[in-house]
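[1] Mind looking at a prediction? Sequence and model below.
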Amino acid sequence: MERGAGWDLWEARPRTGRTHQIRLHAARLGAPILGDGEYSGAPAARLFLHAHSLELPGRPRLEAPLPQAFREVLAGRSPTDPGLAALAAREARELLFDSAETNAYLWIDREHDGFPGLRVERLGDVGLLLRYDESPSELPRRWLDALRRVGGLRALVEQRRPRRGPRSGFRLLRGELPAPRFWVREHGLEYLVDLSPEGCSTGFFLDQRETRRRLLGEDLSGRNVLNVFAHTGSLSVAAACAGARTVTLDLSRSYLDWARENMRRNAIDPGEHDFVHGDALDWLRRFHKKGRRFDLVLCDPPSFATGRGRRGKKTWSIERDLPLLVERAARLLAPEGRLLVSTNLRRLRWERFEERIRAGLAAADRTGALESDSLPLDFRSGPADAPYLKLAWIRIDGRGPALALGRSAHRV
């Protein structure tokens, strides 16, 4: 179709739908696709294979224009240039969102987008650079220049998240950040993020976007929703906007105040909803004793946590405590109620995660259908990099809950 400066543009018309058909045939013809490392393609910022058109019987023909990254390479730009990598990643994400509705998403996901060891969250016009490497050195200047230029960003802020050791605070690298606390948009709602230097969390988890979208798309009018380990209450906001009456439970008073701010920003009166400060497992037990019932319980716990209880220091571990959490949450569900359980602990594989959930349901004498979910599409993964986020939606069978807590080997 076109000869470029070092690379040619070819058109392929597949006649069957076999896996990797175009990629495999191109490699066998001695012309592997640029960026296709699995089939001997030269290194590049992305796999330079583009679905230009799709036509189904009785349906209109669908077409997508050639990405700008392709044009840049044909014009002679290096396929491994950081600016090209940033452009390719931006083009891929822009297809996923309406910018008027959502301006917070994962723009760069490590080596999958040409920036090993680095994730970049786009938070409005601020880029948050999350470093997962152990190197004490600064990020390459070429990377920073490319990210700010291609993203049109007001500021670049860095946080180190080494796999061993604590997170750092937020550090301004480039540009200006007039205020460390500001609002971002998602699905037409607004949420407060905080990049204060002494902070360790933005207050907004991008990987739960599909959970919030799902809640917003439901009719929860008249439903009671309990959000456990609620953090800054983004799931409560989505449920409340769908008509639910929510109970937001967290061990941090400051996060509960933050959740109230998020509600007010989205024209929700916090006075019409409940906010509970305390230990999640303790309060689940209290709710059960009081006879509280919920149509939906949302559980997005941390992997590890420590806190203070009436008997001194308490620790939380999802690997140890997940069955007990599920047991106590399931006992609160109304007939045909639903339970969401999620974890971002990478080493907890799906099979073990599901096994622990089913152990908790059995301890509560409940059964139900389980539906799995995982990361949004702006998060990348690969054969040696399985998605870290695991979510399970459980719809409880329509029989009533047990009336009292039974004995459990997982009790703490």
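    In hand now; what should we look at?
[2] which residues of the stretch 151-300 of the chain fall in strands?
    Along the stretch 151-300 of the chain, counting by DSSP state E, counting those that start in this stretch, strands occupy 155-160, 171-175, 181-186, 189-194, 224-228, 245-250, 274-277, 294-299.
[3] next one: the stretch 1-150 of the chain
    Remark: strands assigned in the stretch 1-150 of the chain by DSSP E, counting those that start in this stretch are 2-3, 8-9, 53-54, 62-63, 104-109, 118-123, 126-131.
[4] Could you tell me the average pLDDT over the third one, please?
    For strand 53-54, the mean pLDDT works out to 90.
[5] Of all the strands of the stretch 151-300 of the chain, which one is nearest Ala92?
    With Cβ to Cβ, the closest approach to Ala92 among the strands of the stretch 151-300 of the chain belongs to strand 181-186: 18.2 Å. Just so you know, the C-beta spots here come from the backbone N, C-alpha and C atoms, and that holds for glycine as well.
[6] okay, the angle between the closest one and strand 118-123?
    90 degrees (axes from the mean of the first three to the mean of the last three Cα atoms, to 10 degrees).
[7] Contact partners for the closest residue to Gly37 other than its chain neighbours?
    Nearest non-adjacent residue to Gly37, counting by Cβ to Cβ, 6 or more residues apart in numbering: Pro43, 7.0 Å away. Shown in contact with Pro43 (Cβ atoms under 8 Å, 6 or more residues apart in numbering): 35, 37, 79-80.
[8] hmm, try it at 10 Å
    For Pro43, the contacting residues are 34-37, 79-80, 114, by Cβ atoms under 10 Å, 6 or more residues apart in numbering.
[9] Domain map for this structure?
    Domain assignment for the chain by automatic domain parsing gives 1-76, 84-187, 205-396.
[10] quick one, which of the ones you listed is nearest to Pro197?
    Closest of the domains of the chain to Pro197 is domain 84-187, at 4.8 Å (criterion: Cβ to Cβ).
[11] Quick check: mean pLDDT of that closest one?
    Computed over domain 84-187, the average pLDDT equals 94.
[12] now that domain: how far from the chain's centre is it?
    Taking Cα atoms, centre = their mean, to the nearest Å, one finds the center of domain 84-187 at 15 Å from the center of the full chain.
[13] end-to-end on it?
    Across domain 84-187, the terminal residues are separated by 28 Å (Cα to Cα, to the nearest Å).
[14] Minimum pLDDT in the contacts of Pro43, which residue is that?
    Here the lowest pLDDT out of those sits on Gly37, with 89.
[15] The longest strand seen in the chain pairs with which strands, and in what direction?
    If you go by DSSP state E, the chain has its longest strand at strand 333-343. Using DSSP bridges, strand 333-343 pairs in its sheet with strand 294-299 (parallel), strand 390-396 (antiparallel).
[16] now the strands of the stretch 1-150 of the chain in JSON lines, with distance to Ala146 and mean neighbour count?
    Below are those laid out as JSON lines (distance: least, Cβ to Cβ, whole Å; neighbours: other Cβ atoms under 10 Å):
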{"stretch": "strand 2-3", "distance to Ala146": "26", "mean neighbour count": "10"}
{"stretch": "strand 8-9", "distance to Ala146": "24", "mean neighbour count": "13"}
{"stretch": "strand 53-54", "distance to Ala146": "31", "mean neighbour count": "10"}
{"stretch": "strand 62-63", "distance to Ala146": "30", "mean neighbour count": "10"}
{"stretch": "strand 104-109", "distance to Ala146": "10", "mean neighbour count": "23"}
{"stretch": "strand 118-123", "distance to Ala146": "11", "mean neighbour count": "23"}
{"stretch": "strand 126-131", "distance to Ala146": "11", "mean neighbour count": "22"}
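[17] Tabulate those in a markdown table, adding columns for distance to Phe204.
    Converted to a markdown table, those look like this (distance: least, Cβ to Cβ, whole Å):
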| stretch | distance to Phe204 |
| --- | --- |
| strand 2-3 | 43 |
| strand 8-9 | 40 |
| strand 53-54 | 35 |
| strand 62-63 | 33 |
| strand 104-109 | 7 |
| strand 118-123 | 8 |
| strand 126-131 | 10 |
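[18] looking at these, which is closest to Cys241?
    Nearest to Cys241 among these is strand 104-109 (16.6 Å), distances taken as Cβ to Cβ.
[19] So which elements touch the closest one?
    helix 82-94, strand 118-123, strand 126-131, helix 141-151, strand 181-186, strand 189-194, helix 209-216 (3 or more Cβ pairs under 10 Å, 6 or more residues apart in numbering; DSSP states H and E).
[20] Kindly reformat the ones you listed as a markdown table containing distance to Leu391.
    Formatted as a markdown table, those follow (distance: least, Cβ to Cβ, whole Å):
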| stretch | distance to Leu391 |
| --- | --- |
| helix 82-94 | 21 |
| strand 118-123 | 20 |
| strand 126-131 | 21 |
| helix 141-151 | 29 |
| strand 181-186 | 17 |
| strand 189-194 | 19 |
| helix 209-216 | 7 |
